[in-house]
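K.L.:
Sequence plus the predicted model coming up.
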Amino acid sequence: MRILVAGGAGYIGSCTTEYLLDRGHEICVFDALLNGHRQAIDDRAQFVFGNLEDYSAIDKTIKDFKPEGVIHFAAFIEVGESMKLPGKYFRNNVANAMNLAEACATNGVRKIVFSSTAATYGMPKNIPIREDEPTIPINAYGESKLMFEKILVWYEKIHGLQYTALRYFNAAGATEKHGEDHNPETHLIPLVLQAAEGKRPHISVFGTDYDTPDGTCIRDYIHVLDLAQAHLLALENQTSGAYNLGTGNGHSVKSIIDTVKSVTGKNFKVEYADRRPGDPARLIADSTAAKTILGWKPKYDDINAIVESAWKWRLKFPNGYQN
């Protein structure tokens, strides 16, 4: 299959590109390198340097490459920043994404797979979370993702562009070649690994009085290769819809810290602070629909294996992609 990967220089985009290439697909990465890394783009893929705000650039790329399917990763993802700079998020995650959808529809692309998020649910009432849970985002990031999901529904109705929105929970882990290298870093597992490396003086735990067994927040961590598998299955599927992607297993902040200490053999300082506003006590996915309809079969649901893969990548690339 010929697949265009928008945002293929980022964390999940680069890992998915590697996964697709390993399975014989022809890939073109379209990326502006705003947050991604040129070194993260697999040498086997074509690369077009471009920004989705430039409609002519994405239109020409699709005309030239003629993809059968498109995967869209090219979004801004920082929740905190979205609450300070909402315009940045709505421009890129909605308006620029519409350029991609329009170019797909105009050039006869069959299918688009959208990298969405569990943030579309906001503060869910039911755990584990199913796709019929009300979508009431509590930040501009989640709202921007939900808006584009709704836009895709209309592009299918009007233009016949099939879509799949994959609502990730907490992506984690690494492949041998590609891993997580954000600046600034805000995700828990790489932050704790940085503490283990001695690159930060301590790890902060925000809130120890949640209604959970150890008082810290619980999240559902999913290996990036299991996410990659879901994207390929979504491209192959002939229907449209939104699907949750998670393991269905919850791990607390404290348990992640203990796992990192066990995997790395390192000790480091842990500091406890007050809760952050808007952090739900538990976020755990019900991924039954993805397994039933897409045929998704996650392989890496052991948290030790997820953390170990991320640690191995960091040992191999101690300076990230700056190596």
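P.N.:
Done, it's in.
K.L.:
and the gap between residue 12 and residue 230?
P.N.:
Taking CB to CB, to the nearest Å as the measure, residue 12 falls 11 Å from residue 230. All C-beta spots, glycine's among them, are computed from the backbone N, C-alpha and C.
K.L.:
Between the two, which has more neighbouring residues?
P.N.:
Taking other CB atoms under 10 Å, residue 12 and residue 230 do not tie; residue 230 has more neighbours (26 against 22).
K.L.:
Show me what the helix or strand hosting the more buried one is in contact with.
P.N.:
According to DSSP states H and E, residue 230 maps onto helix 224-236. The contact list for helix 224-236 (CB atoms under 8 Å, 6 or more residues apart in numbering) reads 1, 3, 11-12, 15-16, 18-20, 23, 25, 68-69, 71, 111, 113, 164, 166, 168, 171-175, 243, 245, 247, 290, 294-301.
K.L.:
in the host helix or strand of residue 205, what's buried?
P.N.:
Using DSSP H and E, residue 205 sits within strand 203-206. Residues of strand 203-206 classed as buried by neighbour count (16 or more other CB atoms under 10 Å): 203, 205-206.
K.L.:
Count the residues that sit near the residue lying closest to residue 159 once chain neighbours are set aside.
P.N.:
In this structure, residue 159 finds its nearest non-sequential neighbour in residue 105, 3.8 Å apart by CB to CB, 6 or more residues apart in numbering. Using other CB under 10 Å, residue 105 has 16 neighbouring residues.
K.L.:
which of the buried residues of strand 203-206 lies closest to residue 280?
P.N.:
Checking the buried residues of strand 203-206 against residue 280 with CB to CB, the nearest one is residue 206 at 12.5 Å.
K.L.:
on that earlier part again, which one among the buried residues of strand 203-206 gets closest to residue 311?
P.N.:
Closest approach between the buried residues of strand 203-206 and residue 311, by CB to CB: residue 203, at 14.7 Å.
K.L.:
any idea how this structure splits into domains?
P.N.:
Using automatic domain parsing, the domain ranges for the chain come out as 2-172+220-245, 188-219+249-283+302-322.
K.L.:
start to end distance for the first one?
P.N.:
If I follow you right, that is domain 2-172+220-245. 24 Å (CA to CA, to the nearest Å).
K.L.:
quick one: which of the contacts of helix 224-236 sit in strands?
P.N.:
Judged by DSSP state E, the subset of those located in strands is 3, 69, 71, 111, 113, 164, 166, 168, 171-172, 243, 245.
K.L.:
Among the residues you listed, find me the one that's closest to residue 273.
P.N.:
Of all those, residue 172 has the smallest distance to residue 273: 22.4 Å, by CB to CB.
K.L.:
and residue 215, how many neighbours does it have?
P.N.:
Counted with other CB under 10 Å, residue 215 comes out at 16.
K.L.:
Can you tell me the SS state at it?
P.N.:
The three-state assignment at residue 215 reads coil, by DSSP: H, G, I helix; E, B strand; the rest coil.
K.L.:
Assess the claim that it and residue 209 are in contact.
P.N.:
Yes - counting by CB atoms under 8 Å, residue 215 sits close enough to residue 209 to count as a contact (5.5 Å).
K.L.:
so where's this protein uncertain?
P.N.:
Low-confidence segments of the chain, defined by pLDDT under 70: 323.
K.L.:
So which residues of it form strands?
P.N.:
In the chain, the strands defined using DSSP E lie at 2-6, 26-31, 46-49, 69-72, 111-117, 162-168, 170-172, 203-206, 218-219, 221-223, 241-245, 251-252, 270-273, 282-283.
K.L.:
For residue 315, find the nearest of these.
P.N.:
Minimum separation from residue 315 across these (CB to CB) falls at strand 170-172, 16.3 Å.
K.L.:
packing partners for the closest one?
P.N.:
The contact analysis (3 or more CB pairs under 8 Å, 6 or more residues apart in numbering; DSSP states H and E) places strand 170-172 against strand 221-223, helix 224-236, helix 303-316.
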